[in-house]
Structure formats: C-alpha cells, structure tokens
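In: got a sequence here, can you build the structure:
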Amino acid sequence: MFEPPRLTRDLTEPEPIPEAGIARANELMRSGRLFRYGEMGADQLDAARLEQEFAAFVGRKFCIAVNSGGAAIFLGLKILDVKPGDPVLVNGFTLAPVPGAIAHAGARPVIVAITADYKIDIVDLRHKAVTSGAKVLLLSHMRGHIADMDAVMGVAEELDLRIVEDCAHSLCASWAGKTIGTFGAVGAFSAQTYKHLNSGEGGFLTLDDPDMAARAILHSGSYMLHGQHLSSPGADILGRWSELTPNFSMRMSALSAALLRPQLEELPRRARRWNEIHDRISLGIAPSSEVRLPRRGNAEAYSATSVQFSVPGFQADEMVAFLKLAKARGVPIKWFGAAEQVGFTSAPRHWRYAGPQSDLEDTHRVLATLCDIRTPVSLTNAECDLIALIVRDAIQTVLAARPSTPQAANARIAS
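Out: As a prediction, this is how the structure comes out:
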C-alpha cells in the first residue's frame with residue numbers, strides 16, 4: 001500500500017545558541033552575576049554592549065533592552081504619553097501581545113482593517129484615525145509583511161499620528177531602502193524563541209529622541225545605575241527625568257544579553273537563508289489553484305521566518321479537513337480563522353477586552369482562511385519542497401471530496 005511522504009522534521013525546532021553565547025552564559029552562571037547592573041560598578045556589560053550593538057545594527061541612536069517584545073511595545077506607548085482611555089490604532093492582523101500592550105497601558109485598541117495581502121488598509125486607517133481621535137498608531141509588521149510605508153507615513157503626517165512599530169517579525173526588513181523600525185517614533189523588537197534572535201524571551205526598544213530614551217531607560221528599571229548604559233542620552237538628560245519616571249522593572253538580564261550578542265553577528269546570513277526558505281515553499285505551493293499568496297510591493301524587502309497563504313475558496317469545514325490532512329503528514333499549520341484561540345494564534349474577534357469594533361468584515365474574511373507555517377532556518381531545500389507538496393496534496397484531497405453536483409454543493413454551503 002502506497003504511503004505518501006511525510007515530513008519528519010519538527011517545525012518548532014530552533015537553531016542552537018552559538019558556542020560563544022553558551023560559553024559567556026556559563027561564565028555568568030558560575031559567577032552568579034546575572035543582573036545587568038553591578039552595585040560596585042559595571043562589573044559586566046553584556047546588556048549595555050548589546051544595546052549599543054543593536055542600535056547600530058538597526059540604525060538608531062538609542063536602544064533599551066527589556067524582558068519581552070510586548071514590554072518594548074508597552075514602553076514605547078508610555079514614552080509617547082499614551083494615557084488610560086486613549087484610543088490607539090492597531091492593524092487587525094497581529095498577535096495577542098500587541099493589542100495586549102495597548103491594554104497594559106490602560107488605553108483602548110481601535111482595530112484597523114487589513115487588505116487581502118495582510119497589510120493595514122490605508123483608507124480604513126485614515127477613517128479610524130479621524131473618527132476615533134487617535135493620535136498613536138501601533139503598526140504591526142505582522143509576520144514580516146510590510147505595508148506601503150510611503151502611504152502610512154503620508155497619513156501619519158496628514159493627521160499628526162505618532163507611530164510605534166512592532167518589528168517582532170521584521171528584523172533586517174526595509175522599505176525603499178529604509179530600515180523597518182526607523183519610520184516611527186520608536187521601534188519594538190522581540191528576542192522570543194522563533195524570532196530572528198532567540199534568548200527565550202526578550203525585547204528591544206529603539207529610538208532617536210534623547211528625552212524619550214532617558215524615560216525608557218528609567219521606566220525599564222535602571223534604578224540609579226543608568227550610568228552603566230552605553231546607549232544613553234547622557235547623565236544630564238537622565239537626571240532631568242529621574243524623579244519623574246516610575247520604575248516598571250522590565251530589564252533584560254545579563255544572561256539573555258550574553259546569548260544574543262553572537263547571534264546578532266550571524267543575523268544577516270540567517271535572514272538570507274530564511275528568505276530562501278520562504279521563497280522556495282511559496283513557489284512550491286503557488287501552482288495550487290486554490291492558494292492565494294500575498295502580493296508584495298516593489299519597495300518591500302521582507303525578512304520572513306514563516307510562510308503565509310490563504311485558501312479563499314474553502315469553507316470552515318474544508319479548512320479543518322485541510323489542516324488535519326497536512327498535520328497527519330508532519331506539517332502543522334496555524335489557522336487564523338479558528339473559532340477559538342489556539343496556541344499563539346488569535347484574531348480580533350477573540351479580543352473581547354478591546355470592546356466593540358466596526359468595519360472589520362473584510363478583515364474577518366481574510367483571516368478566515370489565512371494559514372501560517374513556521375520555517376526553521378535549518379530547513380533543507382528537499383524539506384521545503386516536501387512541505388509544499390504536502391500542502392498541495394492536502395488541498396487537492398479536500399477538493400476531491402467536494403459534492404459532485406451543484407445542488408449538493410449548495411446544500412453544503414448553506415449548512
């Protein structure tokens with residue numbers, strides 16, 4: 001009996017931490033000095049050096065290392081003076097920590113529609129900004145899909161919007177040659193496992209404004225040891241804010257920083273390979289007549305750690321059957337149209353804490369068949385081809401099971 005080929009790789013398997021990071025982490029663990037600050041002076045500077053290196057890598061003046069990407073977003077909102085009850089715009093294709101950061105700041109998420117290409121809808125952005133009175137846009141470059149940043153910045157300038165960029169999935173990406181994370185007032189990055197950098201958990205806030213940087217350092221939890229920061233606006237500016245800024249205890253530990261520093265050196269090479277993997281799988285599933293791949297602008301230079309596609313012709317029952325078939329052959333696929341939140345995946349209809357939202361019918365329709373496959377950077381070309389084959393086969397199997405008469409098909413859809 002013929003057994004179709006099955007993927008035997010674990011798609012959640014990250015790359016090992018570089019040996020230099022492991023060696024430095026062992027030194028720190030033997031010393032017990034895991035906190036990023038030292039009372040007798042900066043006896044270790046792993047976090048401070050990482051901040052300096054990350055700021056230079058992204059192309060911003062300042063970087064503050066914190067304990068998660070969500071914390072970085074929250075911190076960005078706070079230093080933009082978002083107050084409890086304020087409306088904050090956010091695009092509808094993102095992950096739960098993004099609207100969660102808005103709620104953490106006590107603000108109110110106003111969800112902006114997305115297009116069929118998974119990007120923020122510029123028309124709805126302008127409409128929601130005007131009708132809500134929002135002055136801050138939390139722009140999520142979800143899964144590395146970069147919106148038309150010329151259009152976004154045009155709306156921002158027109159309506160005096162300040163932007164926090166969620167860059168959790170877009171490290172090394174750019175638009176028209178300008179680095180993603182440098183368009184807004186602040187950029188927030190993640191070092192959670194499965195992102196471009198992996199310390200298990202961690203985040204970065206990058207920016208250019210010295211007063212905002214001082215507030216971010218103090219908010220992050222520097223106590224009175226902020227002189228140990230190398231990416232810093234200076235003691236005079238920090239002193240101006242030191243008694244006005246609460247400590248939120250959101251620091252990155254020295255141990256996390258030690259794991260991350262050698263990864264930053266490897267990032268350009270890894271990002272190139274991730275894009276090769278993304279492109280090969282996308283090309284492999286493209287021949288399926290049921291698949292819709294997102295279109296990308298000519299100015300968009302993406303940096304993908306996963307693959308997204310839609311199956312717009314499938315009903316919910318067909319989506320469930322498709323996902324089951326692919327998983328049985330070793331390819332788990334995340335689905336943003338599931339009735340309930342699953343794993344890391346959720347959608348605006350699950351964020352009831354955000355309150356009633358309007359004009360999201362098209363967004364719900366796009367998310368209803370949006371699929372997401374995690375892609376470890378170590379995937380081989382043969383494994384990429386097998387993933388694409390399994391996706392095509394699963395889709396074809398679902399199509400073959402459809403009722404053969406129009407009357408039967410109509411009855412299935414009506415049910």
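In: could you look up the SS state of residue 326?
Out: What DSSP: H, G, I helix; E, B strand; the rest coil gives for residue 326 is helix.
In: ramachandran coordinates for the residue lying closest to it once chain neighbours are set aside?
Out: In space, and not counting its chain neighbours, residue 326 is closest to residue 394: 4.5 Å by C-beta to C-beta, 6 or more residues apart in numbering. The way it works is simple: take the backbone N, C-alpha and C, and place the C-beta from them, glycine included. In terms of degrees, to the nearest 10, the main-chain angles of residue 394 are phi -60, psi -40.
In: ok, residue 394 - how many residues close by?
Out: Residues within reach of residue 394, counting by other C-beta atoms under 10 Å, total 24.
In: then residue 349?
Out: Residues near residue 349, counting by other C-beta under 10 Å, number 16.
In: who are the neighbours in contact with the nearest residue to it once chain neighbours are set aside?
Out: Closest residue to residue 349 apart from its sequence neighbours, by C-beta to C-beta, 6+ apart: residue 364 at 6.6 Å. Taking C-beta atoms under 8 Å, 6 or more residues apart in numbering as the contact definition, residue 364 lies against 347, 348, 349.
In: closest one of those residues to residue 104?
Out: residue 348 (17.5 Å; C-beta to C-beta).
In: so residue 110 touches residue 88, yeah?
Out: Yes - using C-beta atoms under 8 Å, residue 110 makes contact with residue 88 at a distance of 6.6 Å.
In: intersection of neighbour lists for these two?
Out: Both residue 110 and residue 88 are contacted by residue 134, under the criterion C-beta under 8 Å, 6+ apart.
In: show me where the stretch 51-200 of the chain has strands.
Out: Secondary structure of the stretch 51-200 of the chain (DSSP state E, counting those that start in this stretch): strands at 62-66, 87-91, 108-112, 136-140, 162-166, 174-175, 178-179, 186-190.
In: need the contact list for residue 341.
Out: Contacts of residue 341 by C-beta under 8 Å, 6+ apart are 96, 350.
In: for residue 202, which non-adjacent residue is spatially closest?
Out: residue 191 is the one closest to residue 202 (C-beta to C-beta, 6+ apart), at 3.4 Å.
In: didn't that neighbour look like it was pressed against residue 260?
Out: Yes - with contacts counted by C-beta under 8 Å, residue 191 reaches residue 260, the gap being 5.8 Å.
In: those two - which one has more neighbours?
Out: Counted by other C-beta under 10 Å, residue 191 and residue 260 do not tie: residue 191 has more neighbours, with 31 against 26.
In: one step back: how near is the residue nearest to residue 326 to residue 109?
Out: Applying C-beta to C-beta, to the nearest Å, the value for residue 394 to residue 109 is 35 Å.
In: out of the strands of the stretch 51-200 of the chain, nearest to residue 376?
Out: Proximity of those to residue 376 was assessed by C-beta to C-beta; the nearest stretch is strand 186-190, lying at 16.9 Å.
In: tilt between that closest one and strand 136-140?
Out: With axes from the mean of the first three to the mean of the last three C-alpha atoms, to 10 degrees applied, the angle from strand 186-190 to strand 136-140 works out at 30 degrees.
In: helices and strands around strand 186-190, which ones?
Out: Here strand 186-190 touches helix 46-58, helix 69-79, strand 162-166, strand 203-207, going by 3 or more C-beta pairs under 8 Å, 6 or more residues apart in numbering; DSSP states H and E.
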